[in-house]
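> show me how the following folds:
(chains A and B)
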Amino acid sequence: MFKKILIANRGEIAVRVIRACRELGILSAAIYSDVDRAGLHVLSADEAYSIGAAAAAESYLNIGKILTVAKRCGADAIHPGYGFLSENAKFAQACADAGIKFIGPSAASMEMMGSKTRARQEMDKAGVPFVPGTSHGLESAQQARDVAAKIGYPVMLKAAAGGGGKGMRLVGSAQELQSALKAAQSEAQRAFGDGEVYLEKAILNPRHIEMQVLADEHGNTVYLGERECSIQRRHQKVMEEVPSPLVDAELRRRMGEVAVRVAQAAHYHNAGTVEFLVDPTLEKNFYFLEMNTRLQVEHPVTELVTGLDLVELQIRIAAGEKLPFRQEDILIRGHAIECRIYAEDADNNFFPSPGKIETLMTPAGPGIRLDSGVYAGWTVPIDYDPLLAKLIGYGQDRQQAIARLTRALPEYFVGGIKTNLGLFRRILEDGDFQSGKIDTGYLDRLLAAKVGREDMGVEKSVAAIAAAVFSVLDSTANQTATKPGAAAESSWKRTARTEGLT
Amino acid sequence: MIYDVTIDGTTFRLDLNLDRATGRWRCLVDGREVELDAVLPQPDVLSILIEGKAWQIRRERLASSLQIWVGDQSYAAEVSDPRSLRNRKARGDAGKGPRHLVAPMPGKVVRFLVEENAAVEAGQGVVVVEAMKMQNEIKSPKKGIVLKLSVSEGAAVNAGDVLAIVE
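Numbers count the residues shown, from 1 in each chain, chains lettered A, B, ... in the order given. Okay, the predicted model is just below:
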């Protein structure tokens, strides 16, 4: 087993990996940029090393600096977390060249899965189902028209090197195709330095469901069940759950077996996730989207329903251990739902909201797990992803998981910066969500609907009384803080000054 | 003490007295007496009992506004002392004159979408501010002329900083 693991990440995922290291008796080394010296991951680790300026390119994306620190501190493995360098094949290769174990798949597996067209060619060979369309980049507008006519509109244009929705265009008819193709190509060129675009059939109201796989370095590969990730905004996941309300045991087995085939075709080892687009119609056809060659943000929901510790298993696999179970040993028990808590203002266009957390109250109790990277007094920097924490509810069934989250949300309070916490009550109370009718357009529709606050009358008067009570207590505190006479005088003076001058 | 408290557009007149010797509260809401008890278990967190019903309240003092949280719902609150000259004056001024476009969060000014003296519509994008890997368009609050662009492209700004003035 490893003696010391360097964690090439920050925030909640770095804290998550540090916890796993501590449980395994492995030393953890954190890295931090100039703005992260007081970050929770630095406070939690056994060792911590500065790696440069706030800009990610100078720090968390700087392969040279990270490897220098890893060698200097004597780390024998590196955990990349998610984001940053986690899916960077050059980094995985550089670790291997430096004799430090990269906790994840090989550089070759990453390279194969990193290019969408290349992944598609390989997966085609392995008999993995795809959304009908081109498996290569489009060569001409004419080819685009021919393929689109064959598979039928609507079609979707996608950047080969893409991700996060950039370079994507929905095309409803042949008239729109040419201008949409140009727009997608130039957007792809700007975003990824590669204008290659491919075309496929657009599935309407699709569900985004992914399958967790785990493979050791001895040829054993298993699937650990699905995660329903259809609740998204701007192609970013907001809420995930398992089991998916759409997936029954039979569909789970079919999707799982395909996911295992995908992993095997890529000679994959360690934890990975195969993403599928699922057509919600009767046949429940599912199509391969891509493979994420890392630990996912939403891994805790899988941990709760399988009883497994994915980070521990990642470390054990990287250390050369065999998987300690077989496919038939894996049971899905209960229901788990994750809420991603972002520093963004849900009432104002979801603007990011970095800044100092003045007050923090956190939920707890039965079936509640909180994976957080922040504390009261921490200043959330402007330089990185706005994910603050993940609140996960677990119950014996979906209804209990929803009830527990609904109970836990009012216990959670982040003061000083805006968060999207208020959004989750709306989702959890929504009839379509409760009956499992969700697809990738669900959240946009919910947000477009008018907010109705029925019970507002009572709460408004309570808020008014509270605001006045705060004012009384403030003025009382001011009076008792200094000598009574001086306080009265200075307070009069202050009032006179402000009122006279403004 | 008498306060006028406006919560999301509804104004309540609160007459509150705290007897500091006994810790007892006396509370009138719009002239009606309400049984109230209140303690502050930690700064900005208030436990109040109204006719026996328990509420946990959190307060957020932001640069631009005061937010009162009841459970997981937040309400914008304005507290004014009706006897104060400043508050009476402030109320008369609302809505008129040049409007400031302020940065809703700390970040970096990426680019301006209009030039000085340009005419803009209400809701038209004026400036793009980047924070947390996202580019955010700050829109004009009203139809008018851009009087001034107050910062330069590439500048780091704090929440509440004036980015432009529209009249």
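> from here on, contacts and neighbour counts on C-alpha atoms
OK.
> in the sheet, who's paired with the residue lying closest to residue A:350 once chain neighbours are set aside?
Nearest non-adjacent residue to residue A:350, counting by C-alpha to C-alpha, 6 or more residues apart in numbering or on different chains: residue A:344, 5.1 Å away. Here residue A:344 sits in beta bridges with residue A:352, going by DSSP bridges.
> helices and strands around the longest strand anywhere in chain A, which ones?
Determined from DSSP state E, the single longest strand within chain A is strand A:221-233. Here strand A:221-233 touches strand A:207-215, strand A:236-242, helix A:249-265, helix A:299-306, helix A:442-448, going by 3 or more C-alpha pairs under 8 Å, 6 or more residues apart in numbering or on different chains; DSSP states H and E.
> quick one: contacts of the first one?
For strand A:207-215, contacts defined as C-alpha atoms under 8 Å, 6 or more residues apart in numbering or on different chains pick out A:221-230, A:244, A:255-256, A:259-260, A:263, A:268-280, A:302, A:317, A:323, A:438-440.
> need the contact list for residue A:221.
A:213-215, A:260, A:263-264, A:269.
> neighbour count and pLDDT added to those, as CSV?
Shown next, in CSV, are the contacts of residue A:221 (neighbours: other C-alpha atoms under 10 Å in any protein chain shown; pLDDT from 0 to 100):
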residue, neighbour count, pLDDT
A:213, 24, 98
A:214, 22, 98
A:215, 25, 98
A:260, 23, 97
A:263, 28, 97
A:264, 17, 96
A:269, 26, 97
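> report the inter-axis angle for the longest strand of chain A versus strand A:236-242.
If you take axes from the mean of the first three to the mean of the last three C-alpha atoms, to 10 degrees, strand A:221-233 sits at 130 degrees to strand A:236-242.
> in its sheet, what does strand A:221-233 sit against?
Each strand paired with strand A:221-233, and its direction, by DSSP bridges: strand A:207-215 (antiparallel), strand A:236-242 (antiparallel).
> quick one: low-confidence parts of the chain?
Just so you know, I chose chain A. Counting by pLDDT under 70, chain A shows low-confidence ranges at A:135, A:162-165, A:451-456, A:479-502.
> try chain B instead
Ranges of chain B meeting pLDDT under 70: B:63-64, B:84-96.
> nearest residue to the most centrally placed residue in it other than its sequence neighbours?
Central residue of chain B (C-alpha atoms, centre = their mean): residue B:65, 1.8 Å from the mean position. In this structure, residue B:65 finds its nearest non-sequential neighbour in residue B:76, 6.9 Å apart by C-alpha to C-alpha, 6+ apart.
> need the residues that contact the helix or strand harbouring that neighbour.
Assigned by DSSP states H and E, residue B:76 belongs to strand B:73-80. By C-alpha under 8 Å, 6+ apart, the residues outside strand B:73-80 that reach it are A:422, A:460, A:463-464, A:467-468, B:3-8, B:65-69, B:87.
> direction included, what does it pair against?
strand B:2-7 (antiparallel), strand B:66-70 (antiparallel).
> dump those strands to JSON lines, plus distance to residue B:146 and mean neighbour count.
As requested, those are arranged in JSON lines below (distance: least, C-alpha to C-alpha, whole Å; neighbours: other C-alpha atoms under 10 Å in any protein chain shown):
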{"stretch": "strand B:2-7", "distance to residue B:146": "32", "mean neighbour count": "22"}
{"stretch": "strand B:66-70", "distance to residue B:146": "29", "mean neighbour count": "22"}
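> so which of these comes closest to residue B:30?
strand B:2-7 (9.6 Å; C-alpha to C-alpha).
> CA atoms only for that closest one, dumped as PDB, please.
C-alpha atoms of strand B:2-7 as PDB (Å, rounded to 0.1, in the frame of the first residue of the first chain):
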ATOM      1  CA  ILE B   2     -41.200  52.000  16.300                       C
ATOM      2  CA  TYR B   3     -40.000  50.600  13.000                       C
ATOM      3  CA  ASP B   4     -41.600  50.400   9.600                       C
ATOM      4  CA  VAL B   5     -40.400  47.100   8.100                       C
ATOM      5  CA  THR B   6     -41.000  46.300   4.400                       C
ATOM      6  CA  ILE B   7     -40.800  42.700   3.400                       C
END
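> next SSE downstream of it?
Next along the chain from strand B:2-7, counting by DSSP H and E, comes strand B:10-19.
> okay, the angle between whichever helix or strand comes after that next one and strand B:10-19?
Counting by DSSP H and E, the element after strand B:10-19 in chain order, helix or strand, is strand B:24-29. Interaxial angle, strand B:24-29 versus strand B:10-19 (the same axes, to 10 degrees): 160 degrees.
> who does the next helix or strand after strand B:24-29 pair up with?
Using DSSP H and E, the next helix or strand after strand B:24-29 towards the C-terminus is strand B:32-34. The pairing partners recorded for strand B:32-34 under DSSP bridges are strand B:24-29 (antiparallel).
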